[in-house]
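>>> How does the following fold in three dimensions:
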Amino acid sequence: MDDISYFSIIIPTFNRAGLLRRAIQSVLDQQHTKFEIIVVDDGSSDNTEEIVSTFSDTRVRYIKKTNEERSIARNTGIDISTGSYVSFLDSDDYLYPNHFTEARKSIIKEGNPEVFHLNYECVYGQNKNTRPTLPNRVNDLVLADNRLSCNGVFIRRDIALQHKFIHHRRATYAEDTELWIRLAARYVFHHIPVVTSAIEMHLERSAYTVKPGSLLKSTLLIRRNLLQDQAVIRYYGMKRIEKFLAGRFLLTAVVFSTENKSWALSLLRRSLRLDWTMPRKKSFWVIIRNVTFK
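Have a look, this model is predicted:
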């Protein structure tokens, strides 16, 4: 597909039938109409297929697969996409009508960039909170303090086929951050400060239901991938990568600290070995409190 205005948007979903309709409809309501929607059903046991079948629009494509988690589901969508750019939408979030219009403007302005990001806002019931304005280039930010939304990222399809999400079912947390880091080590990563999507904050989001073991396994996968990627090492340097990994181990230790004190302390020590400044973080002392007094 040579038309730079044609987009493939991939919606991975698992047992989110109650929210999926809104996500799909928000894409169909776009001002810009040249797109395809690829719904990748990652082994749902609810009526997800029935919900998707209610949309008669030929731009909606439905793929049902066995459950392998969202990284592999997104990669499945990338493989069958036909647009010049691929983008992503979590099934519990939604787009505003200007999403593809602003993406097209950015593609023209930046000269067919490899990757870029549109801004977003978080929705808490009736309240909305727009994310802080980010620099035009977020290459360094994604490693130091990733504030990008998966829903806001567009990747040129030829690049997306070369650089996919971690293809492993254990890649369940921060798998998007890991990909942004690899992309940022290779290409200029643009940010466009126009809000075009919303993240619905609810108690069933994966960030709120994180399981310690799953978080640790995902963190170890991220560590392995980054330390094996020479482009990442050259661009960021080992010190900055170690600081990033220290933060991931510290976060994992926080989650473990209410369930398994010995694991929490082990991860805390690993974090300290990578970055001695960890005690400056509030989460460090949360772990100490949890393992000491609970």
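
>>> only C-alpha atoms for contact and neighbour calcs from this point on.
OK.

>>> buried sites along stretch 118-137?
118, 119, 120, 121, 122, 123 (16 or more other CA atoms under 10 Å).

>>> Tell me which two in these are the farthest apart.
118 and 123 (16.4 Å; CA to CA).

>>> next one: the worst-scoring helix or strand of the chain on mean pLDDT to chain centre, how far?
None of the helices or strands of the chain scores lower by mean pLDDT, DSSP states H and E than strand 127-130, at a mean of 75. Once both centres are worked out by CA atoms, centre = their mean, to the nearest Å, strand 127-130 turns out to sit 19 Å from its chain's centre.

>>> Adjacent strands (with direction) for it?
The strands that strand 127-130 pairs with in its sheet are strand 115-124 (antiparallel) (by DSSP bridges).

>>> export the partner strand as CSV, just CAs?
C-alpha atoms of strand 115-124 as CSV (Å, rounded to 0.1, in the frame of the first residue of the first chain):
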residue,chain,number,x,y,z
VAL,A,115,7.9,6.6,14.2
PHE,A,116,6.0,9.3,15.9
HIS,A,117,3.6,9.8,18.8
LEU,A,118,0.4,11.8,19.2
ASN,A,119,-0.7,13.1,22.6
TYR,A,120,-3.4,11.7,24.8
GLU,A,121,-5.4,12.3,28.0
CYS,A,122,-6.3,10.1,30.9
VAL,A,123,-10.0,9.9,31.8
TYR,A,124,-11.0,9.3,35.4
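
>>> Just the helices from the stretch 101-250 of the chain, written as ranges.
For the stretch 101-250 of the chain, the helices defined by DSSP state H, counting those that start in this stretch occupy 141-144, 157-162, 175-184, 212-227, 230-236, 238-256.

>>> Need the ones you listed in TSV (columns: mean neighbour count, distance to residue 61 and mean pLDDT).
Below are those laid out as TSV (neighbours: other CA atoms under 10 Å; distance: least, CA to CA, whole Å; pLDDT from 0 to 100):
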stretch	mean neighbour count	distance to residue 61	mean pLDDT
helix 141-144	18	31	94
helix 157-162	16	18	98
helix 175-184	22	23	97
helix 212-227	18	29	95
helix 230-236	16	35	98
helix 238-256	21	36	96
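
>>> Could you work out which of these reaches nearest to residue 31?
Ranking those by proximity to residue 31 (CA to CA) places helix 157-162 first, at 21.8 Å.

>>> which helices and strands does the closest one pack with?
Contacts defined by 3 or more CA pairs under 8 Å, 6 or more residues apart in numbering; DSSP states H and E place helix 157-162 against helix 70-80, strand 85-88.

>>> got the contact list for residue 24?
Residues near residue 24 by CA atoms under 8 Å, 6 or more residues apart in numbering: 37, 94.
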